[in-house]
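Visitor: Quick one, what's the 3D model for this:
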Amino acid sequence: MNHDLYIARRLKLHGGQQKGSPSLTVALVGIVLAVVVMILSIAIVMGFKGEISGKIMHLDAHLRVSNAALGIDENYATVNGREVREAIVGDSAFAPLVESVSLIADKSAILKTDSDFMGIIMRGVDSGYDWRYLQSRLIEGVLPDVSDTASSQQIAISKLVANRLKLRSGDKVLTYFIDNSIKVRNLTVSGVFETDLDAFDGAYIVGGIGIVQGVNGWNGDTGTQVAVNMSDTRHLENDGYQLYALLAQNTVQHESKNLFFVTTTHQNNVAFFAWLEMLNMNVAVILTLMMIVAAFTLISAMLMIVLERIRVIGNFKAMGATNGTIRRIFIYLTGKLILKALIIGNVIGIGLALLQKYAHIVRLDPASYYMPYVPIHLSIPALVMLNVGIIIVSYLTLLGASHIISTIKPTATMRFE
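Guide: Down below sits the predicted model:
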């Protein structure tokens, strides 16, 4: 049996007092607050990263195939959707990894109502487009029908655009496409969505690809990009290289004149993902500060525990106990405080996180934070690692602080009051 642990269990934190020491209570509260802050910091940052990266992943292609001449001329830099699809389907290794393939055609336009106008990008999509996210964010009306047999002039617009132009589902809006000549289409608003991502809501309207193809005089296989969404997004960089090599090989085999360029959603949205990476630094700073606070609090707690039992330490030494044995006893004893603080801190921290996750008590300005409330994501592995880290740091802190016991002399402690 571990005699050090047995003695530590028999001792009380408050040194036999009926009421706990105020200093130990303050230490307990300090450690609990540090644990709560660390849990909430990790949960909030993981929530932010998950929500924003999820929005971007749904609104932009995982892999974007474009013409290598993109940016030279809008009408010249086009891609052949049929050629890309055939290359993907024809590869037995890559095809099973793909979730969806969609031909997209983007074109600048101006929406005009009787009272206002607004510059926008018309995003034309085909029947392979993944509408699931926009469907979940639809707040009014229905999504436009973009099936192969559809010839409708329907579009879906964001709430931001709808509010500015005072449009509702069912309204018609004049859309001016300005190229070498001005072409006008009278489009119908079929639905209104809200993603809270201004980079999309304030820039795009979505409709059938036939609208843009008709304006540009393109055939049904022509667009400005091909959106390739993968079933697993954890290896997009490698998937991008694999798709690029596949398309290059297909170009050589069929002696095609097209030269494709493949980019990932991370490359297309560098600013967003760089901002998300900066959040990791914020969490690291918060965790470091809270660990330092908890460490100093533990040192103070151990000193108080030692001072309250200084005569007990003298008795132990008088009976022949070594400094190492006494140090272990007091490390175990202070460990009771740590364990209690961890349990209380986890209960409060996880409880507050779950309350925010399901009740959305703390609200945000969507224009600044891209979402209407503070997002929460609780990860069991992250919580386990955090608690293990706290225990390790606490043990190392107590190991150092317990050296004070070796300076206590039995002859002095026997007279201590």
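Visitor: does K336 sit in a helix or strand, and which one?
Guide: Per DSSP states H and E: K336 is located in helix 323-359.
Visitor: swap that for Q267, sorry
Guide: Here Q267, judged by DSSP H and E, is contained in helix 265-268.
Visitor: Now do the buried residues in the helix or strand following that helix.
Guide: On the C-terminal side of helix 265-268, the nearest following helix or strand under DSSP H and E is helix 270-308. For helix 270-308, the neighbour count (16 or more other Cβ atoms under 10 Å) marks 272-273, 276, 279, 283, 286-287, 290-291, 294-295, 297-302, 304-306, 308 as buried. Any C-beta I mention is one placed from the backbone N, CA and C, and that applies to glycine too.
Visitor: And stretch 83-98, by the same measure?
Guide: Buried, per 16+ other Cβ under 10 Å, within stretch 83-98: 83-85, 87-88, 91, 94, 97-98.
Visitor: And those residues, which is the shakiest by pLDDT?
Guide: Least confident by pLDDT among the buried residues of stretch 83-98: that is D91, with 87.
Visitor: What number of residues are in the vicinity of the closest residue in space to that one that isn't next to it in sequence?
Guide: Sequence neighbours aside, L246 is the residue nearest to D91 in space, at 5.5 Å (criterion: Cβ to Cβ, 6 or more residues apart in numbering). By other Cβ atoms under 10 Å, 20 other residues sit near L246.
Visitor: same check, this time on D232
Guide: 10.
Visitor: What of N269?
Guide: Neighbours of N269 (other Cβ under 10 Å): 19.
Visitor: before we move on, the earlier item: relative to I343, which of the buried residues of stretch 83-98 is nearest.
Guide: Using Cβ to Cβ, L97 comes nearest to I343 of the buried residues of stretch 83-98, at 44.5 Å.
Visitor: Contact partners for the closest one?
Guide: By Cβ atoms under 8 Å, 6 or more residues apart in numbering, the residues touching L97 are 230-232, 239.
Visitor: Save the buried residues of stretch 83-98 as a markdown table, and put in secondary structure and distance to S136 too.
Guide: As requested, the buried residues of stretch 83-98 are arranged in a markdown table below (DSSP: H, G, I helix; E, B strand; the rest coil; distance: Cβ to Cβ, whole Å):
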| residue | secondary structure | distance to S136 |
| --- | --- | --- |
| E83 | helix | 32 |
| V84 | helix | 27 |
| R85 | helix | 26 |
| A87 | helix | 31 |
| I88 | helix | 27 |
| D91 | coil | 32 |
| F94 | coil | 28 |
| L97 | helix | 24 |
| V98 | strand | 22 |
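Visitor: Greatest separation within those: which pair is it?
Guide: E83 and L97 (19.2 Å).
Visitor: This completes my enquiry, with thanks.
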